[in-house]
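> Any chance you could fold what I've pasted below:
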Amino acid sequence: MLGFVNVFKPSGPTSTQVGTRVRHIFARHFGERLPIGHLGTLDPDAAGVLPLALGKATRLIPLVEDRRKSYVFTLSLGHATDTGDASGATIRETPVPADAKALLEKVLPLFIGALEQVPPMYSAVHHGGRRLYEIAREGLVVDRVSRKITIYGLTLLGYEEGLARLACACSEGTYVRTLCEDLGDAIGCAAHMGALLRDAVGPFVLYESLTLDQIAAAPLDAIVPPERVIPLPTIVLDGRGAADFRAGRLVPLPTGAVAKHVFVRDNSRVLVGVGEAVGALLAPRKVFL
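Numbers count the residues shown, from 1 in each chain. Down below sits the predicted model:
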């Protein structure tokens, strides 16, 4: 059993807790505990798309090239918090400019494109062998190395009384909490992130995501085939070819297979692995069965 699951994570539980629940659902259905892999976690207070790799599909995660993400979030002006979001303690307060909406509309274009972003202290980034959030919980602040990110789009959806609602499309590794703080600095105002909803991670979109109850009611229907996530063509090998491929041997490349990497299925349409074209031969690169 392998594939992906597009889970709708509610606000409250951690991404790990949601993944554990999904593992238990499939363990009850199939009688075995399958490994679970994440394609980008969410903070506990955040909600939205949480893609998971199920079973041996965890080995396919490095092949998922499209990791772009899309969010809808609120920007709360007037005070900053130690965590950068609404769960933290207030550390700074400022008046909200009377023309904050116009100021935001003016600075938003400055945040579109390639940027340098410093990860927040309350993040899972490693520093000296420890997570930054572990250091932050001790009341310490350390220097962090900035990271290159890309903001593909940033739109103001609405504004009312110091609370702005925005939509953002960005690269993997972008911290919306930091973006909110930087937006506040750009208009001369303390700020933090309020609510956060992730509505897309690569090919996984919000309207196709499933709640835990929906997954529990029909586990098989929740599985997304790898071909829908990773844009590789599929070839089918006959019995002898599939057996050789499973054994790690080179097999003749079927006629018409023009891509360098392909999914390989046997005559029963069972996914047996990923192959790489080497001249006129197909070399096993990942073997599942």
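> Please, where are all the strands along the stretch 1-150 of the chain?
Using DSSP state E, counting those that start in this stretch, the strands of the stretch 1-150 of the chain run over 2-9, 36-38, 47-55, 69-77, 79-81, 90-93, 113-117, 126-127, 130-131, 147-160.
> Residue 255: which of those is closest?
Proximity to residue 255 (CB to CB) singles out strand 2-9 among these, at 27.3 Å. Backbone N, C-alpha and C define where each C-beta goes, glycine included.
> How is residue 255 assigned, secondary-structure-wise?
Look at residue 255: counting by DSSP: H, G, I helix; E, B strand; the rest coil, its state is coil.
> same thing with the one 4 residues further on?
Reduced to three states with three-state DSSP, the structure at residue 259 is coil.
> what about it, distance to residue 266?
According to CB to CB, to the nearest Å, residue 259 and residue 266 sit 19 Å apart.
> Between the two, which is the more surrounded one?
residue 266 (19 against 14; other CB atoms under 10 Å).
> Return the helix or strand in this protein with minimum mean pLDDT.
One helix or strand of the chain scores below all others by mean pLDDT, DSSP states H and E: strand 126-127, with a mean of 64.
> where does the stretch 1-150 of the chain have low pLDDT?
121-128, 132, 136, 138, 140 (pLDDT under 70).
> Apply 50 and report the result again.
Along the stretch 1-150 of the chain, segments meeting pLDDT under 50 are nowhere present.
> how near is the residue most central in space within the chain to residue 171?
Central residue of the chain (CA atoms, centre = their mean): residue 40, 3.0 Å from the mean position. Per CB to CB, residue 40 is found 11 Å from residue 171.
> where do the contact lists of the two overlap?
Each of 67, 69 lies in contact with both residue 40 and residue 171 under the rule CB atoms under 8 Å, 6 or more residues apart in numbering.
> Can you pull out the low-pLDDT segments for the stretch 151-289 of the chain?
Within the stretch 151-289 of the chain, not a single segment meets pLDDT under 50.
> how distant is stretch 161-172 from the center of its chain?
In terms of CA atoms, centre = their mean, to the nearest Å, the centre of stretch 161-172 is found 17 Å from the chain centre.
> for it, which positions count as buried?
Neighbour-count burial for stretch 161-172 flags 162, 163, 164, 165, 166, 168, 169, 170, 171 (criterion: 16 or more other CB atoms under 10 Å).
> dump the residue contacts of the fourth one.
Contacts were defined as CB under 8 Å, 6+ apart; by that measure residue 165 touches 72, 73, 74, 75, 156, 157, 158, 159.
> For residue 117, which non-adjacent residue is closest in space?
What sits nearest to residue 117 in space, not counting adjacent residues and going by CB to CB, 6 or more residues apart in numbering, is residue 149, at 4.9 Å.
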